[in-house]
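Colleague: Predicted model and sequence below, questions to follow.
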Amino acid sequence: MMRRILGIDPGSRITGYGIIESDGNRSVHIVSGCIRLKQDDLPQRLGTIFQEIADLIRTHHPVEMAIEAVFVSKNASSALKLGQARGAAICAGVVANLPIGEYAPRAIKQAVVGTGGADKDQVQQMVKRLLNLSCELSVDQSDALAVALSHAHTDTTLNRLARASAGGWR
């Protein structure tokens, strides 16, 4: 059964989003883009992230949301702003009653490319291949689509494992 998944690559200046439909084996691109935050005031940027994600949810009706987890940065201020951007996006999903999966950057790369050490270009090329896209994608778009694909693949694998263990190993 195809599920509509919203993937988010959070950022305090640019937040990428991607919506796919997937059955865990086959995925189809619905829409993707970036929320570009022009305001200097952080609270205003967070409000824009919340509102734009809420609008995407109302327009495209995803049934699940996936978001990249915070990675530890050398710059504490940047890490805090990223965490706040994630929080604004997560709140939009929670208000819409979406189940939310959180994935570490290495886990996303592992699920999409096959190695946790993949670079941005490898992720972008694999996302285009998996979704049969010929158009150019920004890094933020491809990262958001990779989050959605990772969620679809991870969730499908976990469900298969749960069914297998419920039936017992033979």
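Modeller: Looks like it arrived, so ask away. Here the structure is a predicted model, which means the values were calculated and not measured. Numbering: from 1, shown residues only.
Colleague: Let me know how buried His151 is, in neighbour terms.
Modeller: 28 (other Cβ atoms under 10 Å). In this view, the C-beta of every residue, glycine as well, is placed from N, C-alpha and C.
Colleague: Over to Ser134?
Modeller: Ser134 has 5 neighbours, counted by other Cβ under 10 Å.
Colleague: repeat for Ile90
Modeller: 19.
Colleague: now do Val94
Modeller: Neighbour tally, Val94, other Cβ under 10 Å: 12.
Colleague: could you pull out the strands for this protein?
Modeller: Shown for the chain, the strands assigned by DSSP state E span residues 3-9, 14-22, 27-36, 64-68, 100-103.
Colleague: Make CSV out of those and add distance to Lys81 and mean neighbour count.
Modeller: Formatted as CSV, those follow (distance: least, Cβ to Cβ, whole Å; neighbours: other Cβ atoms under 10 Å):
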stretch, distance to Lys81, mean neighbour count
strand 3-9, 14, 26
strand 14-22, 12, 24
strand 27-36, 15, 18
strand 64-68, 14, 25
strand 100-103, 18, 18
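Colleague: how close does the nearest residue to Tyr17 once chain neighbours are set aside sit to Phe50?
Modeller: Nearest residue to Tyr17, sequence neighbours excluded (Cβ to Cβ, 6 or more residues apart in numbering): Ala144, at 5.0 Å. Using Cβ to Cβ, to the nearest Å, we find Ala144 at a distance of 16 Å from Phe50.
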